[in-house]
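# Next one to model:
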Amino acid sequence: MVSDEKLRQAQLVFYTEDIAAIEQELDGFLELSGARSALLIDRSGHLVTRRGESIGQSAEAVAALAAGSFAATREMARLMGEDEFDSLFHQGKRESIQISPIGDRALFGAIFDDRSNLGLVRFYASESQERLKQLFDEMALRAESRDPAEELAADFSTSASAALDELF
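So this is what the prediction gives:
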């Protein structure tokens with residue numbers, strides 16, 4: 001059985017300032033690499049944020065499938081004696097995608113077409129991955145020092161009771 005503390009540590013919690021910093025990093029990556037779209041995906045397949053051009057009908061579905069592909073590739077790496085491959089690359093006729101890990105908690109996806117090339121995408125993706133990993137490390141340190149009770153307004157209990165009273 002997994003402890004509550006272990007589950008909390010495994011979850012990514014993003015605050016407004018964190019998302020703004022992540023999106024700024026993704027925008028910079030797109031500008032330098034010429035990629036169409038950049039995705040930040042948690043390891044369970046949830047899309048955290050996407051920047052750049054839209055990617056078909058569902059960015060959420062692409063995120064879930066990317067995480068599944070990366071998980072399968074991770075097992076392949078283990079069978080070959082590796083801990084994990086540094087990236088996963090799929091090339092299509094018109095578009096390609098590269099998926100890379102950011103620490104143990106997230107994946108960085110870059111979708112690109114013939115306006116860019118794999119070398120540029122890999123180079124700038126590795127730089128962005130490192131900066132995102134540093135940001136995640138900072139987030140984890142802040143989370144350890146935060147008191148969950150401080151997150152709620154001082155009058156939360158009173159406000160919640162009043163709202164329930166009005167409802168019933």
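
# ranges for the helices of this protein?
All helices of the chain, identified by DSSP state H, fall at 4-10, 16-33, 59-79, 118-145, 148-151, 156-167.

# Tell me the helices and strands packed up against the third one.
Just to be clear, that refers to helix 59-79. strand 37-42, strand 47-52, strand 88-91, strand 96-102, strand 106-112 (3 or more C-beta pairs under 8 Å, 6 or more residues apart in numbering; DSSP states H and E). For the C-beta atoms, the positions are set from N, CA and C on the backbone; glycine is no exception.

# Output the helices of the chain as TSV; include the columns mean neighbour count.
Formatted as TSV, these follow (neighbours: other C-beta atoms under 10 Å):
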stretch	mean neighbour count
helix 4-10	10
helix 16-33	16
helix 59-79	16
helix 118-145	16
helix 148-151	8
helix 156-167	10
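
# For the helices and strands packed on helix 59-79, could you give me CSV that also reports mean pLDDT?
Formatted as CSV, the helices and strands packed on helix 59-79 follow (pLDDT from 0 to 100):
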stretch, mean pLDDT
strand 37-42, 95
strand 47-52, 94
strand 88-91, 92
strand 96-102, 94
strand 106-112, 95
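
# Please produce JSON lines containing the helices of the chain, extended by mean pLDDT and distance to residue 106.
Converted to JSON lines, the helices of the chain look like this (pLDDT from 0 to 100; distance: least, C-beta to C-beta, whole Å):
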{"stretch": "helix 4-10", "mean pLDDT": "48", "distance to residue 106": "11"}
{"stretch": "helix 16-33", "mean pLDDT": "94", "distance to residue 106": "10"}
{"stretch": "helix 59-79", "mean pLDDT": "92", "distance to residue 106": "10"}
{"stretch": "helix 118-145", "mean pLDDT": "89", "distance to residue 106": "7"}
{"stretch": "helix 148-151", "mean pLDDT": "52", "distance to residue 106": "22"}
{"stretch": "helix 156-167", "mean pLDDT": "65", "distance to residue 106": "30"}
